[in-house]
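# Sequence below, structure please.
(one chain, ligands or ions: 1)
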Amino acid sequence: MEDYLKLFPSNASVLAAYSSISTSWVLLKTAYDQIIPRKLQDFLVSKFKYYFSRQKSYATFIIDPADSCGIGRNELFDASRAYLSTKIGPRNRKIKIGKSEQQKNVSTAIAEGGNIRDTFQGITITWTYYLQDQQRNDSKSKPPKSYYEITFDSKHWSKVHNEYLIHVLNTHKALMQKEKVLKLYTRLDFYYGNKGWKPVDFHHPASFDTLALDPELKKSIIDDLDRFLERKEFYKRVGKAWKRGYLLYGPPGTGKSTLIAAMANYLNFNIYDLELASISCDTDLRKLLLTITNRSILIIEDIDCNSEVHDRSKTINVKEEKQHYRKTFTLSTLLNCIDGLWSSCGEARIIVFTTNHKEVLDPALLRPGRMDMHIHMSYCTIKAFRVLAFNYLGIHEHKLYQEIDGLIENTNVTPASLAEELTKSDDADVALGEVVNFLKRKKREQEQQIEEKNKKSKLKRKIKNRGLFLNF
Ligand SMILES: Nc1ncnc2c1ncn2[C@@H]1O[C@H](COP(=O)(O)OP(=O)(O)OP(=O)(O)O)[C@@H](O)[C@H]1O
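Here you go, the predicted structure:
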């Protein structure tokens, strides 16, 4: 028995071997982390994985944010992020958490290098999230390029490719519908290096119910939107892009932006806010237009200030800017571009232009067939004021309404300025009293302006009749 026991090492030698192995491992790991550059580490890990995946016959898919052409946004990437957030649980040790001001709950995502194991119809699929290191050093303003890698037994290639990825996309779609959080996309050069859209949650409370607009006009807009949504087959049959254009015009504060928000909430469409002045060339524009998703509203505000866009890519200083002044595209080019790109891909899309000065717009834009509906956002009317008063004070009737109606009929005031008066008190008598004072003041001012204008033109006529010339 003793001879037999001698065959095994003593407890002390097992312990000694264990401690020397673990010390060596710690030393090796520290040396590996500190001496070998991160890039080389990534390379070695990928080679190692590649070798083993070949041995075990694993397949790997890479999902990065750009689509296969490198122009648009990869829908699968965004869907993967949302999908994986539903798979995160206590077993995942390395996760990123965060919460934006608009979010109700803390959101979770896989952290760099983190893994998630998913099972689909008995197939085990491992997801890993990576950030490409070299991008960090390129430019601090650029976000590091990220991608997901999914690994699975290669014998399930078709199932994962044809069914699992569709399952990921569908789950994302269902989540979006459940959450109903609309997005407002703006273009942030400093963040996306002149390329992409940056989304934020869109929680504008505007609706057609709260919009102070003449009921007939409101109804015609709603009917138009409904008809547009139902006519998918019609657009297909006549070979036109399934899109609709609206031109909203009127003075500042008449509710153009509010109407767009009401449209987005009504249709459940995301909004893309495009500032034409920030685009330097056609290619940029095309890239942005291609990355706009289906069922969305593209808005171009204050189009009168944007009627021409200049190529500023080569300018160095103001003097040179004048010399290099070169028009790269006009609004008609933009519309042609939209027609061309959107007819070949995508579903229901709406484009909205807004302007305070319709009269100075490029006539090409006003030609029939360009913008499908021209909507005049006028000064506040009696019916529109009723909606505002109900929104702010919750009342349908009041003894001051008669006086207010008479004043509104003869004064040009915007819903925005009346809304401001209505917020001055929760007491309807006080708030409506403020409205009356405000309207009387505005009426006086406008009468004085008309008087002065009349005086000037009278004087002008007199001078003209006497053959004198004065420049007013
Ligand atoms: N028709 C309206 N119905 C309800 N609220 C309105 C309306 N018009 C203006 N308002 C109120 O006034 C504010 C400013 O209006 P909004 O920004 O929509 O005007 P706008 O016409 O887009 O102005 P601008 O031309 O300066 O962009 C809104 O936040 C809203 O509270």
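
# Tell me the gap between the longest helix along the chain and the middle of its chain.
When the chain is parsed with DSSP state H, its longest helix is helix 428-465. Here the centre of helix 428-465 is set off from its chain's centre by 42 Å, with Cα atoms, centre = their mean, to the nearest Å.

# what does stretch 91-109 give?
That offset, for stretch 91-109, works out to 21 Å (Cα atoms, centre = their mean).

# mind listing what's buried in that stretch?
Asn92, Ile95, Thr108 (16 or more other Cβ atoms under 10 Å). In short, each C-beta sits where N, CA and C put it, glycine included.

# Skipping its backbone neighbours, what lies nearest Tyr266 in space?
Setting aside the residues directly before and after it, Tyr266 is nearest to Phe208 in space (Cβ to Cβ, 6 or more residues apart in numbering), at 5.9 Å.

# I'd say that neighbour and Lys218 touch.
Yes. Here Phe208 reaches Lys218: they are 5.9 Å apart, a contact under Cβ atoms under 8 Å.

# Tell me the first helix or strand C-terminal of the helix or strand encompassing Asn265.
Using DSSP states H and E, the element containing Asn265 is helix 256-267. Using DSSP H and E, the helix or strand that follows helix 256-267 in sequence is strand 270-273.

# Do that following strand and the ligand come into contact?
No. Counting by Cβ under 6 Å from any ligand atom, the ligand has no neighbours in strand 270-273; the shortest distance is 11.9 Å.

# So what touches that strand?
Strand 270-273 has contacts (Cβ atoms under 8 Å, 6 or more residues apart in numbering) with 182-187, 197, 199, 202, 260-261, 264, 292-293, 295-299, 301.

# one more time with 7 Å, if that's ok
Contact partners of strand 270-273, identified using Cβ atoms under 7 Å, 6 or more residues apart in numbering, comprise 182-186, 197, 202, 260, 264, 292-293, 296-299.

# quick one: pLDDT of the residue in the stretch 101-250 of the chain that the ligand sits nearest to?
Nearest to the ligand in the stretch 101-250 of the chain, going by Cβ to the nearest ligand atom, is Ala212, at a distance of 3.4 Å. With respect to pLDDT, Ala212 scores 93.

# My guess is it contacts Ala384. True?
Yes. Under the criterion of Cβ atoms under 7 Å, Ala212 makes contact with Ala384 at 3.9 Å.

# Name the SS class of the residue of the stretch 101-250 of the chain closest to the ligand, please.
coil (DSSP: H, G, I helix; E, B strand; the rest coil).

# Next, it: phi, psi?
phi -80, psi 100 (degrees, to the nearest 10).

# Could you tell me how far Tyr401 is located from the ligand?
Tyr401 sits 18 Å away from the ligand, going by Cβ to the nearest ligand atom, to the nearest Å.

# Tally up the residues packed near that residue, please.
17 (other Cβ atoms under 10 Å).

# and what of Arg466?
Neighbours around Arg466, by other Cβ under 10 Å: 7.

# One more: Gln121?
10.

# got a list of what it touches?
By Cβ under 7 Å, 6+ apart, the contact set of Gln121 is Lys159.

# Any figure for the gap between it and Ala212?
Distance, Gln121 to Ala212, using Cβ to Cβ, to the nearest Å: 54 Å.

# go on, Asn270?
If you go by Cβ to Cβ, the gap between Asn270 and Ala212 works out to 25 Å.

# which SSE is Tyr246 in?
Element membership for Tyr246, per DSSP H and E: strand 243-249.

# Which residue ranges make up each domain of the protein?
The chain resolves into domains spanning 58-133+142-179, 198-306+328-376, 391-456 when parsed by the TED database.

# Quick one: name the residues of the chain near the ligand.
Contact residues, the chain versus the ligand (Cβ under 6 Å from any ligand atom): 211-213, 252-258, 356, 377, 415-416, 419.

# do that again at 5 Å, thanks
Contact residues (Cβ under 5 Å from any ligand atom) of the chain with the ligand: Leu211, Ala212, Pro252, Gly253, Thr254, Gly255, Lys256, Ser257, Thr258, Pro415, Ala416, Ala419.

# Excluding covalently adjacent residues, which one is nearest to the third one?
Spelled out, it's Pro252. Nearest non-adjacent residue to Pro252 (Cβ to Cβ, 6+ apart): Asn356, at 5.7 Å.

# Next, the contact list for that neighbour, please.
With Cβ under 7 Å, 6+ apart, Asn356 has these contacts: Pro251, Pro252, Asp302, Asp304.

# Looking at per-residue confidence, what score does the residue in the chain positioned nearest to the ligand get?
Nearest residue of the chain to the ligand, counting by Cβ to the nearest ligand atom: Gly255, 2.7 Å away. Gly255 is assigned 94 on the pLDDT scale.

# Which residues are in contact with it?
Leu211, Ala212, Leu213, Met377, Pro415.

# Now do the strands for the stretch 101-250 of the chain: every range, in order, please.
107-110, 115-120, 123-131, 146-153, 182-187, 197-202, 243-249 (DSSP state E, counting those that start in this stretch).

# Make sure Ala416 is indeed in a helix.
Yes. Counting by three-state DSSP, Ala416 is found in a helix.

# From Gly250, how far out is it?
Taken as Cβ to Cβ, the span from Ala416 to Gly250 is 11 Å.

# who's more crowded, the two?
For Ala416 versus Gly250, neighbours defined as other Cβ under 10 Å are more numerous around Gly250 (20 against 16).

# ok, Val352 touching Asp302?
No. Counting by Cβ under 7 Å, Asp302 is not a contact partner of Val352; they are 11.9 Å apart.

# Excluding chain neighbours, what is closest to the spatially most central residue of the chain?
For the chain, Tyr185 is the residue whose C-alpha lies nearest the centre (Cα atoms, centre = their mean; 1.4 Å). Ranked by Cβ to Cβ, 6+ apart and with sequence neighbours excluded, the top spatial neighbour of Tyr185 is Trp197, at 3.9 Å.

# quick one: contacts for Ala111?
By Cβ under 7 Å, 6+ apart, the neighbours of Ala111 are Lys94, Ile95, Lys96.

# which residues does the closest residue in space to the second one that isn't next to it in sequence contact?
What that stands for is Ile95. Setting aside the residues directly before and after it, Ile95 is nearest to Thr108 in space (Cβ to Cβ, 6+ apart), at 5.2 Å. For Thr108, the contacting residues are Ser85, Ile88, Ile95, Ile97, by Cβ under 7 Å, 6+ apart.

# and the third one, what are its phi and psi?
Note on Ile95: backbone dihedrals following degrees, to the nearest 10 are phi -130, psi 160.

# same check, this time on the second one
The phi and psi torsions at Ile88 (degrees, to the nearest 10) take the values phi -80, psi 130.

# The last one too?
The phi/psi pair for Ile97 (degrees, to the nearest 10) reads phi -130, psi 150.

# Looking at strand pairing, list the partners for it.
Thr108 (DSSP bridges).

# quick one: pLDDT of it?
pLDDT at Ile97 comes out at 84.

# Could you work out the end-to-end span of stretch 263-276 for me?
22 Å (Cα to Cα, to the nearest Å).

# List the buried residues in that stretch.
Those would be Met263, Ala264, Asn265, Tyr266, Leu267, Phe269, Asn270, Ile271, Tyr272, Asp273, Leu274, Leu276, for stretch 263-276 by 16+ other Cβ under 10 Å.
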